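Trainee: Whatever this is, show me its structure:
(4 chains)
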Protein chains: 2
Amino acid sequence: MKDAHRSGCPINLTLEILGDRWSLIVLRDMMFGNRRHFRELLTRSDEGIASNILADRLKRLMEEGLISRADDPSHKQKGLYSLTEMGISLVPVFAAMGTWGRRFLPVSEELSIRAELLERGGPAIWEDFMAELRAMHLGMPAPERSVFAELRKAYEDVMAAKAVP
Amino acid sequence: MKDAHRSGCPINLTLEILGDRWSLIVLRDMMFGNRRHFRELLTRSDEGIASNILADRLKRLMEEGLISRADDPSHKQKGLYSLTEMGISLVPVFAAMGTWGRRFLPVSEELSIRAELLERGGPAIWEDFMAELRAMHLGMPAPERSVFAELRKAYEDVMAAKAVP
DNA sequence: ATATAGTAGTTGCGTATTGCAAGCAGTTGA
DNA sequence: TCAACTGCTTGCAATACGCAACTACTATAT
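Mentor: Sure thing, here's the model as predicted:
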């Protein structure tokens, strides 16, 4: 942000913003887990982010324009973080990374079911999901189809199948 | 690699391997710039990677299975790095990142022309490009179409247009 | 044979980032 | 009033990064 860019290559510029171990984790939880508050992002993350890292990443992602912050009317000290269009537009990147990870890395079934759904649905489901995210985060009118609900149901079905084998 | 994973989420596992500022830069140069030797990757990179970082990344990417190394027959000390199928399969990830970066970040025209081509061509061109990479890096039979040549020509055309305005 | 340039790295060292544990100040609800 | 909850901040140690110099070997030219 402050100092000059290493180069004008799109891959490089993307890495300058997202090229660390936590930024995409935070965005993933906001996007797929609908976590909008600091505490939710802090404690309900599978990976266990530290609070100072989370504070720093939220600040940087705001500076870069991927998320925004508003006061939560229900609690004066509570902030509500939202994805911007820039953040929502990362859906295809997440889909591509999920597809690659599922193919080559030792993923767990319950945590990769969403990636599988996004892979099978292709660009059509990504568009529907982004439309829904725009409704949830930007106040746009809600689309009929709820990909979010489909993703959650798929996850819960896997968990239920594991619990009762 | 050595210690346990933070979680089995595909996004997280991908970030554990590629979530830093340099790994994808190295892979990008191997993939789109056809840089196969240490010196090429070191000096012909727009971003200017340090030699110790490059050595470390090449080692880690080999350990993770994204690249392989062979002795270059023309020079006993020269190593030849190749992409594996795991590395080649990152093409859609690069394409998605390139599309996103081109839309939201201050990319330069000459360095984003390749991303634009990959975006316009869609999955069909990605497949052709991956087939060509398999020929260049894995010894598979070469496809008729050379996406690599198309990417290079597009870059050279932009540079020529800039030189003679 | 000797010199020169090129090969792939390694080493030292200072700075920046990360990770962990604890603490802080304001807010809410009982 | 007070405990629990809110979004952070601080201190400190470990790790990673970045730069410059340097090593060791190989090929080539004279």
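Trainee: Can you tell me which residues in chain A are near DNA strand D?
Mentor: A:37-40, A:42, A:51-52, A:55, A:58, A:69, A:75, A:77-79 (CB under 7 Å from any atom of the strand). C-beta: built from backbone N, CA, C; applies to glycine.
Trainee: any bit of stretch A:72-81 sitting next to DNA strand C?
Mentor: Yes - counting by CB under 7 Å from any atom of the strand, DNA strand C is contacted by stretch A:72-81 at A:74-77.
Trainee: Provide the strand pairings for the one helix or strand A:Tyr81 maps to, with the direction of each partner.
Mentor: Following DSSP states H and E, one finds A:Tyr81 within strand A:79-83. If you go by DSSP bridges, strand A:79-83 pairs up with strand A:67-71 (antiparallel).
Trainee: What distance do you get for A:His137 to DNA strand C?
Mentor: Counting by CB to the nearest atom of the strand, to the nearest Å, the gap between A:His137 and DNA strand C amounts to 23 Å.
Trainee: Give me the next element, helix or strand, following the helix or strand encompassing that residue.
Mentor: In the assignment (DSSP H and E), A:His137 maps to helix A:109-138. Under the assignment DSSP H and E, the closest C-terminal helix or strand after helix A:109-138 is helix A:147-163.
Trainee: That following helix vs chain B: in contact?
Mentor: No - on the criterion CB under 8 Å from any CB of the partner chain, helix A:147-163 is out of touch with chain B, staying 11.5 Å away.
Trainee: avg pLDDT for that helix?
Mentor: Mean per-residue pLDDT for helix A:147-163: 92.
Trainee: what's the angle from that helix to helix A:109-138?
Mentor: Helix A:147-163 and helix A:109-138 are oriented at 160 degrees to each other (axes from the mean of the first three to the mean of the last three CA atoms, to 10 degrees).
Trainee: I would like the residues contacting helix A:147-163, please.
Mentor: A:32, A:34, A:109-110, A:113-114, A:117, A:121, A:125, A:128-129, A:132, A:136 (CB atoms under 8 Å, 6 or more residues apart in numbering or on different chains).
Trainee: Can you tell me what sits against the least confident helix or strand in chain A by mean pLDDT?
Mentor: Ranked by mean pLDDT, DSSP states H and E, the helix or strand of chain A with the weakest confidence is helix A:38-43, at a mean of 88. Helix A:38-43 is contacted from outside by A:26, A:29-30, A:33, A:35, A:49, A:51, A:54-55, A:58, A:79, A:81, using CB under 8 Å, 6+ apart.
Trainee: Just give the nearest non-adjacent residue to the spatially most central residue of chain A, would you?
Mentor: Closest to where the C-alpha atoms of chain A average out (CA atoms, centre = their mean) is A:Arg28, at 2.2 Å. Computed as CB to CB, 6 or more residues apart in numbering or on different chains, the closest residue to A:Arg28 that is not its neighbour in sequence is B:Ile11, at 5.2 Å.
Trainee: My read is that that neighbour contacts A:Ile25, right?
Mentor: Yes - using CB atoms under 8 Å, B:Ile11 is in contact with A:Ile25, at 7.1 Å.
Trainee: confidence score at A:Asp3?
Mentor: pLDDT, A:Asp3: 47.
Trainee: Same check on A:Met130?
Mentor: On the pLDDT scale, A:Met130 is placed at 98.
Trainee: Show me where chain A dips below the pLDDT cut-off.
Mentor: A:1-4 (pLDDT under 70).
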